[in-house]
Each structure stands twice: as C-alpha cells, then as structure tokens.
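**Q** 3D model of this:
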Amino acid sequence: MSPDLRRELKSFYNHLHDRPLAPDDPYYVDYVEQQPADSDPIAAIAQKIAFSDAASLELLSGQRGSGKSTQLLRLKKLLEEDGCTVFLCDMKDYLNLSMPVEISDFLITLMGRLSQEVCQQFGTNPAQRSYWERIQQFLLQDVQIEGIKLEADFDPVSFGIEASLKDDPDFKQRIQQALKGYVATLVRQSREFADDVVKLVRKRKRDPNHKVVVLVDSVEQIRGGEDVHKSVETLFASHGEHLRFPTLHLRFPTLHLVYTVPPYLVPLAPGLGRNLGATLRTLPSVHVRRRDGSDDERGIGALRDMVGRRYAGWSQVFSEEQLATMAKSTGGDLRDFFRLIREVLVAAAAKPDGLPVADSLIDAAKNLIKREMLPLAQDDMAWLRGIADSKNTQLPSIEQLPRLARFFDTHLVLNYRNGDDWYDVHPLLADVLPPAAA
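**A** Next up is the predicted model:
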C-alpha cells in the first residue's frame with residue numbers, strides 16, 4: 001500500500017475516535033431527535049424540567065456506546081436555550097467505578113464536583129467557600145477516621161481526598177466506615193450547599209426564580225461484582241430521598257437533577273419511580289433492526305451518516321453493503337461499530353492490496369470482537385436464548401439482577417426502543433446460542 005493511502009486510512013481511523021459530541025459539532029448526527037416524540041428521552045426530560053416549578057429529579061439509562069454523553073450535551077443545550085443554568089458533573093474522574101459506592105462518598109464526590117463546576121462558570125464558590133472547604137471543617141471537627149490523622153491545616157485539595165476516594169480503595173473503605181453514623185449530617189450539608197449554589201446563580205442572573213439544573217453523568221458506568229451492583233441498587237432504591245435536594249432555606253426550590261443510571265436498574269423502574277418521584281427513561285442503541293429481526297434502514301442510514309461526517313471518502317474504502325453489514329453486526333452499538341471499522345482499517349493498511357477492503361478482513365475483525373464475549377457458560381447461554389426469543393429480560397428474580405447487570409456491562413444484551421423497550425442478544429453471538437425452542 002502506498003504511503004499516501006496509509007495516511008488516508010490513518011486519518012479515517014483517528015476521525016472515528018469515540019468522544020461526546022455537542023449538537024454544534026460537525027460530526028453530530030441528530031438521530032435521536034428524529035425519533036417519534038415518545039421515543040426521545042432527552043426532549044421529554046427537557047420538557048418536564050420546563051414544566052416543573054418545584055425541584056425535580058430524573059433518571060436516564062443507557063449502555064456505554066448508546067451516545068448517552070453526547071445526548072447529555074444536547075440536553076444541556078436545550079435547557080440553556082430555555083433559560084436554565086446547567087452544571088454537567090461527570091463523575092468518572094472522581095468516582096471509582098469498579099468499587100461499591102455508598103451514599104456518603106457519593107454525596108461528597110457529587111458536591112465536590114459541583115463545587116468545581118460552579119467555580120469554573122462563575123469564578124467563585126457559594127458563600128466564598130468551596131464544598132471541599134466545608135467537608136474539611138466537618139472531617140476535622142466531627143469525624144475520626146481510623147489510620148488517618150487530619151491536622152488542623154489539612155487541605156483536602158492538596159491532600160487529594162477526591163483522588164483518594166477514587167484511587168485508594170483502603171482510604172475509600174475507611175471513609176465509608178467512618179461516615180456511617182453521619183449520613184444525616186452529610187445530607188443536610190449537601191442540601192445547604194445546593195441552596196447556596198442556587199442563591200449564587202440567582203443573584204448573578206438577577207432572577208429570584210431562575211432554574212438551576214445539575215446533570216450527573218457516568219454513574220451508569222459503575223460496574224463490577226455482585227457487591228458493586230448491589231451497592232448501586234441500594235444507592236437509588238434505599239437512599240433515593242437523599243439524592244434529591246429540596247430546599248432548606250429558599251422560598252422557591254428550583255434545583256433540578258438528572259442522574260444517569262445503569263440499564264440493569266430498569267427492571268426496578270416502578271419502585272424507583274415511586275421512591276424518587278422520578279421517571280426512568282432509556283436511551284437505546286441505534287435501531288439497525290426491528291423487533292422481528294428485519295433491517296431498519298433508517299438506523300443503518302444514521303450510522304452511515306455518522307461515518308460520512310467523519311470521513312467523506314469512506315466509500316473508497318468500504319462498499320455500502322459492507323458498511324451496512326458492520327452496522328448490523330454490532331447491533332447499533334456506536335462504540336462497537338466504530339471499533340469494528342477501526343480494526344478493519346488497521347488490517348487493510350497492513351496489506352499491499354488492502355483496498356477496496358475484502359469481506360474476509362471484516363469477518364476477521366468481527367471474530368476478534370466476538371471472541372472477547374466468549375466463552376459463555378451453559379446457564380448464561382440458556383438465559384440469552386430466552387432473551388433472544390422473547391425480546392425481554394426474562395429476569396427470573398431480583399436476586400439474579402447481578403447476572404443481568406453483567407449481560408448489559410459486557411454488551412451481551414442490547415437495549416432498543418420502538419414504542420416499548422425491548423432487548424436482544426448481541427448479533428455476533430447469534431450462532432453460538434442453543435437452537436430456539438420449537
């Protein structure tokens with residue numbers, strides 16, 4: 001392959017880098033907005049916040065690869081166009097996503113992240129005190145943490161409490177243990193800080209009724225063993241009232257929150273809705289196929305447009321049929337779709353006659369991704385067969401929720417929405433499942 005062609009393939013490869021896209025990004029494709037009104041969770045959340053005079057809480061679920069972070073940027077834009085002040089708090093850089101989470105460290109992390117966002121937007125913190133300064137005073141005066149001596153000049157930023165909560169499992173466990181008797185105090189402090197945030201924003205906006213919205217991203221990425229999944233379930237099912245921030249001192253409570261949550265909490269949605277006073281909405285994978293298995297040309301076309309926005313000359317590399325095959329093989333999962341293309345580009349660049357791409361290179365790349373999902377245990381295959389046949393989760397009991405969580409985490413199962421939510425097994429696994437029941 002000539003150096004010029006290799007450079008073109010390298011450019012194509014790098015333009016498929018996975019990152020959240022703002023609505024004004026040239027790579028952005030408005031696929032979700034083109035859905036029927038009842039299938040656009042972002043528009044529904046924006047409208048509900050617009051209608052809500054009191055504080056509100058919303059839940060948004062979506063698998064990694066569904067474009068959720070991109071759609072949160074769209075939600076931020078919609079809310080700002082409606083006159084709201086919006087703080088987007090991405091938790092992945094501050095929360096250990098592979099360890100059990102408790103309400104104590106979750107609130108500390110969330111409020112600390114919000115404090116940083118407020119300072120970034122307004123150049124100051126509420127009442128001239130960051131949340132880290134407030135938690136410093138609390139830890140110094142009230143909490144004894146075994147094995148950690150906090151001096152009077154303790155600086156939580158230089159000490160790295162936020163980094164330690166994420167990167168030091170031992171420190172996190174000691175914090176969790178030490179704060180078990182202080183949950184009510186932490187909740188009150190969080191609500192006081194939230195009140196101060198609203199007061200600061202309203203003062204700056206010169207509007208006593210100004211709405212403030214906090215979007216909490218990456219919570220759905222918490223994954224691990226049964227203890228991790230159980231902790232997330234407990235966080236939202238048992239501590240739901242602590243995740244709301246009704247006003248303590250303000251006359252008009254207008255702090256609105258949107259939390260992302262893992263898709264394995266969807267079966268608990270009725271209970272969560274009652275406990276939290278919230279609606280759990282789902283951002284599904286791109287609909288490359290319908291429930292009956294037939295191709296959805298609109299979804300396939302949307303993925304083709306996404307590739308075209310990134311590399312206009314894609315048709316010199318792949319045929320339209322090959323691109324459609326890759327879209328259907330990855331089930332509309334954006335991350336897998338781009339990854340599959342990138343794997344093929346790497347393989348093609350290594351061959352003297354790599355263009356146009358041979359079907360064998362695509363098959364080899366599909367097998368590479370497929371092997372990462374194998375082997376499957378016999379009981380898992382039986383459950384997956386049931387999901388493939390019924391198009392629902394077939395959850396036998398709540399005790400089996402961690403197993404279902406694993407299916408979602410590893411993308412063995414994908415979530416779709418055509419009117420109602422439905423589920424299917426990743427297309428690359430279709431030929432390894434036991435035969436369908438007669």
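**Q** low-confidence ranges in the stretch 201-350 of the chain?
**A** Flagging of the stretch 201-350 of the chain using pLDDT under 70 yields the residue ranges 247-254.
**Q** mind redoing it with 80?
**A** Along the stretch 201-350 of the chain, the parts satisfying pLDDT under 80 run over 246-254, 274-275.
**Q** And the helices in it?
**A** Shown for the stretch 201-350 of the chain, the helices assigned by DSSP state H, counting those that start in this stretch span residues 226-237, 269-276, 297-310, 320-329, 334-349.
**Q** need those in JSON lines with distance to residue 103 and mean neighbour count, can you?
**A** For the C-beta atoms, the positions are set from N, CA and C on the backbone; glycine is no exception. As requested, the helices of the stretch 201-350 of the chain are exported to JSON lines (distance: least, C-beta to C-beta, whole Å; neighbours: other C-beta atoms under 10 Å):
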{"stretch": "helix 226-237", "distance to residue 103": "6", "mean neighbour count": "18"}
{"stretch": "helix 269-276", "distance to residue 103": "14", "mean neighbour count": "15"}
{"stretch": "helix 297-310", "distance to residue 103": "38", "mean neighbour count": "18"}
{"stretch": "helix 320-329", "distance to residue 103": "41", "mean neighbour count": "19"}
{"stretch": "helix 334-349", "distance to residue 103": "30", "mean neighbour count": "21"}
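**Q** for residue 16, what are its contacts?
**A** For residue 16, the contacting residues are 307, 310, 311, 338, 341, 342, by C-beta atoms under 8 Å, 6 or more residues apart in numbering.
**Q** which one is the second one nearest to, not counting chain neighbours?
**A** Meaning residue 310. Nearest residue to residue 310 in three dimensions, chain neighbours excluded: residue 15, at 4.0 Å (C-beta to C-beta, 6 or more residues apart in numbering).
**Q** which residues touch that neighbour?
**A** For residue 15, the contact set (C-beta under 8 Å, 6+ apart) comprises 27, 310, 311.
**Q** can you tell me how far it sits from residue 26?
**A** Separation of residue 15 from residue 26 (C-beta to C-beta, to the nearest Å) stands at 11 Å.
**Q** count of residues packed around the closest residue to residue 348 other than its chain neighbours?
**A** Nearest non-adjacent residue to residue 348, counting by C-beta to C-beta, 6+ apart: residue 354, 3.5 Å away. Using other C-beta atoms under 10 Å, residue 354 has 20 other residues around it.
**Q** For my notes, confirm residue 354 occurs in a strand.
**A** No: counting by DSSP: H, G, I helix; E, B strand; the rest coil, residue 354 is not part of a strand but coil.
**Q** got a list of what it touches?
**A** Applying C-beta under 8 Å, 6+ apart to residue 354 gives the contacts 1, 5, 9, 347, 348, 361.
**Q** go again using 10 Å as the cut-off
**A** Contact analysis of residue 354 by C-beta atoms under 10 Å, 6 or more residues apart in numbering lists 1, 5, 6, 9, 317, 344, 345, 346, 347, 348, 361.
**Q** Next: residue 364.
**A** Residues in contact with residue 364 (C-beta under 10 Å, 6+ apart) are 343, 344, 347, 358.
**Q** rerun at 7 Å
**A** By C-beta atoms under 7 Å, 6 or more residues apart in numbering, the contact list for residue 364 reads residue 347.
**Q** can you give me phi and psi for it?
**A** Backbone torsions of residue 364, given as degrees, to the nearest 10, read phi -60, psi -40.
**Q** Same check on residue 70?
**A** Residue 70 has phi and psi values of phi -60, psi -40 when expressed as degrees, to the nearest 10.
**Q** Repeat that for residue 61.
**A** Per degrees, to the nearest 10, the backbone of residue 61 is at phi -110, psi 150.
**Q** ok, now how distant is it from residue 415?
**A** Between residue 61 and residue 415 the computed distance is 8 Å (C-beta to C-beta).
**Q** shouldn't residue 426 be in contact with residue 410?
**A** No: with contact defined as C-beta atoms under 7 Å, residue 426 and residue 410 do not form a contacting pair (8.9 Å).
**Q** Overlap in contacts, these two.
**A** Joint contacts of residue 426 and residue 410 (C-beta under 7 Å, 6+ apart) are residue 373.
**Q** of the two, who's got more company?
**A** residue 426 (22 against 12).
**Q** list the contacts for that one?
**A** Residue 426 makes contact with 331, 373, 411, 412, 414, according to C-beta under 7 Å, 6+ apart.
**Q** repeat that with 6 Å
**A** Contacts here follow C-beta atoms under 6 Å, 6 or more residues apart in numbering; on that basis residue 426 touches 331, 411, 412.
**Q** Check residue 18 too.
**A** Shown in contact with residue 18 (C-beta under 6 Å, 6+ apart): 335, 338.
**Q** Got the phi and psi for residue 288?
**A** Dihedral pair for residue 288: phi -90, psi -10, per degrees, to the nearest 10.
**Q** shouldn't it be in contact with residue 299?
**A** Yes: the criterion here is C-beta atoms under 6 Å, and residue 288 meets it with residue 299 at 4.5 Å.
**Q** what sits in contact with each of those two?
**A** Residues touching both residue 288 and residue 299 (C-beta under 6 Å, 6+ apart): residue 332.
**Q** and the residue lying closest to residue 281 once chain neighbours are set aside, how many residues sit next to it?
**A** In space, and not counting its chain neighbours, residue 281 is closest to residue 41: 3.6 Å by C-beta to C-beta, 6+ apart. Residues lying near residue 41 (other C-beta under 10 Å) number 25.
**Q** do residue 243 as well
**A** 22.
**Q** For it, give its distance to residue 102.
**A** Going from residue 243 to residue 102 by C-beta to C-beta gives 13 Å.
**Q** cool, residue 353 as well?
**A** 57 Å.
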